[in-house]
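Peer 1: Any chance you could fold what I've pasted below:
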Amino acid sequence: MIGFIYFFLIFLAFVTFYPFWNSFVISLNEGKDTMLGGVTFWPREFTWENYEVVFQDKRLLNAFLVTILRTVVGTFLSVLVTALLAYGLSKKELIGRKFFMIFCLLTMFFSGGLIPTFVLVKGLGLMDSFWAMILPTLVLVWNMIIFRTFFQQLPNGLEESAKIDGAGNWQIFFRIIVPLSGPVIATLSLFTAVFHWNDWFFPSIYITSENLIPIQTLLRQVINSNTVTSQMGQLDAGALSHMMEAAKVTGKSLQMATMMVATIPIILVYPFIQKHFVKGVLIGSLKE
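Peer 2: Sure, this is the predicted structure:
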């Protein structure tokens, strides 16, 4: 029985990881050779040329900077505002606490829809601006519930002793509550950062300027393109002609290389907060 469990887990891990590995292998294989098929676990004709083409695209560096800035700013503001809201709702003495909690919960089940949201963003003057990718998702109710549950588990004596010493609500929150919330902050920061890094939908609706397009939206444009030439429009004409003649770069190999460039950075973040991950995920299931 134990042997079957190990076999099943290994098989499940393989099935989960193989598509990513195969994409990575294709990104390191010559495009012409990839078209012949049979490239599975290792590159048959190893080359860095796919990545050279990707990094010569002037849009890529700008898209990376936009994505990094959006992820950092969006994650920081979202976690901060969500934690502040949860801290207030965790207090039983808050007037209208149940009303505000129900109001927040309703937004998890009923939303205004795409068109009303678009009209709202346009009405606020956020169209084609950096903040159009930040403000519409600033407060995440599910994260707020996890924060609130964690705050309710903290001993009341901590805050009472701080108040006796003359600390105000802001001092209590930032100097006592936040330092004690490391695991939940780390976990929800990861979830929020992954959302901002991977999101391509909001920028495709609200952003029209090319200098504000994030990496995932650029990746979507690459994947949806049917020709290599359209993806390498930023390259020097001579270099492009040479690569096309050599047939070392194809649409599929270019897509895989761009996907790896867009995916690997956020994956590398996980090991740094893994020690907080399990504890943070379980917090919301301990107590209501």
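Peer 1: what's near enough to touch residue 50?
Peer 2: Each residue near residue 50 by CB atoms under 8 Å, 6 or more residues apart in numbering is listed here: 27-28, 31, 249, 253-254, 256-257. (C-beta placed from N, C-alpha, C; glycine too.)
Peer 1: swap that for residue 218, please
Peer 2: Residue 218 sits next to 59-60, 63, 258, 262 when contact means CB under 8 Å, 6+ apart.
Peer 1: Can you tell me the centre-most residue of this protein?
Peer 2: Taking CA atoms, centre = their mean, the centroid of the chain lies closest to residue 194, which sits 2.1 Å from it.
Peer 1: helix or strand for the residue nearest to it when sequence neighbours are not counted, which one?
Peer 2: Distances taken as CB to CB, 6 or more residues apart in numbering put residue 266 closest to residue 194, at 6.0 Å, once the chain neighbours are dropped. Using DSSP states H and E, residue 266 sits in helix 251-267.
Peer 1: Can you give me the buried ones in that helix?
Peer 2: Under the neighbour-count criterion of 16 or more other CB atoms under 10 Å, helix 251-267 has 251-263, 266 buried.
Peer 1: so where's the stretch 101-250 of the chain shaky on pLDDT?
Peer 2: Along the stretch 101-250 of the chain, segments meeting pLDDT under 70 span 225-248.
Peer 1: what ranges do the helices span in it?
Peer 2: In the stretch 101-250 of the chain, the helices defined using DSSP state H, counting those that start in this stretch lie at 114-123, 141-153, 156-164, 169-172, 178-180, 182-198, 201-206, 215-224, 228-231, 237-246.
Peer 1: other SSEs contacting the first one?
Peer 2: Contacts defined by 3 or more CB pairs under 8 Å, 6 or more residues apart in numbering; DSSP states H and E place helix 114-123 against helix 201-206.
Peer 1: Summarise which helices and strands the helix it packs on is packed against.
Peer 2: helix 114-123, helix 215-224.
Peer 1: Buried ones in it, by neighbour count?
Peer 2: 202-203, 206.
Peer 1: How about stretch 123-131?
Peer 2: Buried-residue list, stretch 123-131, by 16+ other CB under 10 Å: 126, 129-131.
Peer 1: That one spans what distance, first to last residue?
Peer 2: 13 Å (CA to CA, to the nearest Å).
Peer 1: got it, and stretch 147-166?
Peer 2: End to end - CA to CA - stretch 147-166 spans 25 Å.
Peer 1: Off-centre distance for the longest helix along the chain?
Peer 2: Looking across the chain with DSSP state H, the single longest helix is helix 58-89. Distance of helix 58-89 from its chain centroid, counting by CA atoms, centre = their mean, to the nearest Å, is 9 Å.
Peer 1: tilt between it and helix 251-267?
Peer 2: On the basis of axes from the mean of the first three to the mean of the last three CA atoms, to 10 degrees, helix 58-89 is oriented at 40 degrees to helix 251-267.
Peer 1: so who does residue 40 touch?
Peer 2: Residues in contact with residue 40, defined by CB under 8 Å, 6+ apart, are 22, 25.
Peer 1: That one: which element?
Peer 2: Remark: residue 40 resides in no helix or strand, with elements defined by DSSP H and E.
Peer 1: Okay, it and residue 7: tell me how far apart.
Peer 2: Distance from residue 40 to residue 7, counting by CB to CB, to the nearest Å: 21 Å.
Peer 1: can you redo the buried residues of stretch 123-131 as TSV with distance to residue 118?
Peer 2: Compiled in TSV, those are given as follows (distance: CB to CB, whole Å):
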residue	distance to residue 118
126	10
129	14
130	17
131	15
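Peer 1: Pick out whichever of these sits closest to residue 177.
Peer 2: The shortest approach to residue 177 among the buried residues of stretch 123-131 belongs to residue 131, at 27.5 Å (CB to CB).
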